[in-house]
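Student: I need the structure of the sequence given here:
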Amino acid sequence: MTLLILSYVGGFLTILSPCILPVLPFVFAKADQPFYRSSLPLLAGMAVTFTGASLLAVLGGAWVAEANNWGRWIAMVLLAIFGLSLIFPIYLETLMAPLTQFGVKLTRHQKGPANPGQSFIIGIATGFLWAPCAGPILGLILTGAAVQGKPSEAASFLFAYALGAGSSLALALLASGKVFAKMKSYLKAESYVKEILGVLVLLGVAAIALNLDRTVLTQVARVQTETVEQQLLNMVNAGPASVGFKDEGEMPSIDGAVAWLNSAPLTNAGLKGKVVLIDFWTYSCINCLRTLPYMKAWNEKYKDKGFVIIGVHTPEFAFEKDLNNVAQAAKDLGVTYPIAVDNNYTIWKAFKNQYWPAHYFVDRSGRVRHHKFGEGKYEESEKVIQELLGEEALGKDTSLASVHATGAQASGQLKQAYSGETYIGYSRAENMKVTPQVIPKTAQNYKLTGALKLNEWGVTGNWQINPQDATLMKAPGKISFKFRARDLHLVLGSSSEKEIRFKVTVNGQPPGPAHGVDSKEDGRGVVKDHRLYQLIRQPSAPAYQERLFEIEFEDPGVQAFAFTFG
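Tutor: Reported below is the predicted structural model:
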């Protein structure tokens, strides 16, 4: 129910997001007609297209994204006819009949009552152009639906999102309808109104054809809308300080792990009498890495007082399913507490979890008493542990554990990070600026389409773009990203056992003191293991500016998965 509510609210907020701007001219073009016969069917058509296309994206994979691109172009043609028909209703029909006759009949303003069927079809076409921002809530919906693999749940979340967006647009349309009525009443300029709307429609089509809906417009207010959505998600994190301890039910089963590290297999029954912290993590996740210093400190301080941490390693990328990779990563990261390798998402699904990282606090009787998603609020979390352990176990020691974090595990400057996690594989890629058009799983030569803007990126050289990664087939090859944050990380690996040499630059120069733990001052480094590489850590500054990051690989075979920032 929480996700359904968040989905609806997230959709409602879409009207504040710049991604909705390209479709507004098409929506408001019918605002001067009866709402229930024109605007409402149009919104219903948009919701049907969005829900159907998004659900297919969850279930169907990459071919749907390609089909959606075709759908965008088809819709642009139809809506361009719509815009022209508003401006030149007679001449267009005369010059281009019968090619445009169908479009004109569908979209031309009629003197009589509006036709709901026509409006519904226009709404379906407009839905192909509706590309809501992949902010925290929509990302949660799509990721959760894909992981859970339940079409009915995915459809309900997506429909709630579409319903929320439709509700906000409906309110705007009802208000605009009154405005249009006043305009026609006082100005008697209906034809001029239609011509203006037609021009706006054509401008919207032009913006979409130039991909401005996915580039410029997404930068206008992305930070503001995502901030609001993130605050909604933070409501889920309300802890003891605000709502008190709650009994969230018996701890779900931790059976189903494909292997256990640092321990024999643990069971729910065997953990009775212990205070347990279930930590869902994966070793290439930067947010998870930044929580590890606290996990390790809590383990050392409380493990002899009846406290057990279980790290449930649930993979995001295919290489994280390799047991040897997980074991080596745990060793390198200094994780000594028990790890359940949850390659099949069995424990993840049992907890109905949706996040990396996610923490579930369990009391001695086996009841979940608190949960925490994401980074932060570490003092509050430790006080939860202390309260569950009780004075009998702790005595008078209520001090907090001492935490020392370095490298990629140090806390990020999230409030100053204007760049977010960006996937490189075609199944989840956004803001990729390359030519020619990506052909999935096929090696070809790419280059940037032009100068990059904030949060745009691209590859140069001979690359094969796969669902989860991009693999360099011939050296040299380069990845470029225009970012704004203190830290830049890149999840990388080698497709062979050979080390792959690279060199990093920032604004065309070696990083110098801004180098990360995996790069030197001259920008040089090597890739071997599949993991997260910290490539840039800028010295502390009042504010971080936009920078052009580039990494050039001198050897073939590198696999690039995702950028993260902090």
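
Student: Name the helix or strand of this structure that has the lowest mean pLDDT.
Tutor: Ranking every helix and strand in the chain by mean pLDDT, DSSP states H and E puts helix 240-243 at the bottom, with a mean of 38.

Student: Residue 368 - that's part of a helix, no?
Tutor: No. Residue 368 is assigned strand when assessed by DSSP: H, G, I helix; E, B strand; the rest coil, not a helix.

Student: Name the nearest residue to it, ignoring sequence neighbours.
Tutor: residue 248 (4.1 Å; CB to CB, 6 or more residues apart in numbering). In this view, the C-beta of every residue, glycine as well, is placed from N, C-alpha and C.

Student: Any figure for the gap between the one you found and residue 367?
Tutor: The spacing between residue 248 and residue 367, counted by CB to CB, to the nearest Å, is 7 Å.

Student: Same question for residue 282.
Tutor: In this structure, residue 282 lies at 27 Å from residue 367, with CB to CB as the measure.

Student: coming back round to it: so what's the residue nearest to residue 368 scoring on pLDDT?
Tutor: Listed pLDDT for residue 248 reads 84.

Student: For it, grab the count of nearby residues.
Tutor: Residue 248 is flanked by 14 other residues according to other CB atoms under 10 Å.

Student: same question, residue 531
Tutor: Here the count is done by other CB under 10 Å, and residue 531 has 22 residues near it.

Student: still on that earlier bit, residue 282 and residue 367 - which one has more neighbours?
Tutor: For residue 282 versus residue 367, neighbours defined as other CB under 10 Å are more numerous around residue 282 (21 against 15).

Student: For the stretch 201-350 of the chain, which segments count as helices?
Tutor: According to DSSP state H, counting those that start in this stretch, the stretch 201-350 of the chain carries its helices in the segments 216-220, 222-234, 240-243, 286-302, 323-333, 346-350.

Student: Lowest mean pLDDT across those, which one is that?
Tutor: Least confident of the helices of the stretch 201-350 of the chain, judged by mean pLDDT, is helix 240-243 with a mean of 38.

Student: Setting aside sequence-adjacent positions, which residue approaches residue 492 most closely?
Tutor: In space, and not counting its chain neighbours, residue 492 is closest to residue 527: 4.7 Å by CB to CB, 6+ apart.

Student: which secondary structure elements does the longest strand along the chain contact?
Tutor: Among the segments of the chain that qualify as a strand by DSSP state E, the longest is strand 470-483. In this structure, strand 470-483 packs against strand 443-448, strand 457-465, strand 547-553, strand 558-565, with contacts taken as 3 or more CB pairs under 8 Å, 6 or more residues apart in numbering; DSSP states H and E.

Student: Where do the strands of the stretch 351-500 of the chain begin and end?
Tutor: 358-362, 368-373, 422-423, 434-435, 443-448, 457-465, 470-483, 487-494, 500-506 (DSSP state E, counting those that start in this stretch).

Student: Which one of those lies nearest to residue 516?
Tutor: strand 487-494 (7.1 Å; CB to CB).

Student: Paired strands for the closest one, with orientation please.
Tutor: Sheet partners assigned to strand 487-494 using DSSP bridges are listed as strand 531-537 (antiparallel), strand 558-565 (antiparallel).

Student: got the ones you listed as TSV, with distance to residue 449 and mean pLDDT columns?
Tutor: Below are those laid out as TSV (distance: least, CB to CB, whole Å; pLDDT from 0 to 100):
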stretch	distance to residue 449	mean pLDDT
strand 531-537	24	94
strand 558-565	18	94
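
Student: Now do the end-to-end distance for stretch 418-430.
Tutor: Distance across stretch 418-430, first residue to last, is 15 Å (CA to CA, to the nearest Å).

Student: Report the contact partners of residue 422.
Tutor: By CB atoms under 8 Å, 6 or more residues apart in numbering, the contact set of residue 422 is 429, 430, 431, 455, 457, 481, 562, 563.

Student: Pick the one among those residues closest to residue 407.
Tutor: Residue 407 has its nearest neighbour among these in residue 563, at 17.3 Å by CB to CB.

Student: who does the closest one bridge with?
Tutor: Under the criterion DSSP bridges, residue 563 forms beta bridges with residue 422, residue 490.

Student: distance of the residue nearest to residue 492 from residue 472?
Tutor: Summarising the geometry, the distance separating residue 527 from residue 472, computed by CB to CB, is 10 Å.

Student: shared neighbours of these two, which are they?
Tutor: Overlap between the neighbourhoods of residue 527 and residue 472 consists of 553, 558, taking contacts as CB under 8 Å, 6+ apart.

Student: my guess is residue 49 is in a helix, correct?
Tutor: Yes. According to three-state DSSP, the state of residue 49 is that of a helix.

Student: thinking it is in contact with residue 122, fair?
Tutor: No. With contact defined as CB atoms under 8 Å, residue 49 does not reach residue 122; the gap is 10.9 Å.

Student: quick one, which of those two is more surrounded?
Tutor: Taking other CB under 10 Å, residue 49 and residue 122 do not tie; residue 122 has more neighbours (26 against 22).

Student: now that one, what's its secondary structure?
Tutor: Taking three-state DSSP as the rule, one finds residue 122 in the helix state.

Student: Which pLDDT value belongs to it?
Tutor: The pLDDT attached to residue 122 in the predicted structure is 71.

Student: and the gap between it and residue 163?
Tutor: From residue 122 across to residue 163, the span is 19 Å (CB to CB).

Student: for residue 518, same thing?
Tutor: With CB to CB as the criterion, residue 518 and residue 163 are 45 Å apart.

Student: out of the two, which sits in the more crowded spot?
Tutor: Taking other CB under 10 Å, residue 518 and residue 163 do not tie; residue 518 has more neighbours (21 against 17).

Student: Is it correct that that one is in contact with residue 534?
Tutor: Yes. Look at residue 518 against residue 534 with CB under 8 Å: they come within range, at 5.3 Å.

Student: coming back round to it: among the contacts of residue 422, which one sits closest to residue 45?
Tutor: The closest of those to residue 45 turns out to be residue 430 (CB to CB; 25.5 Å).
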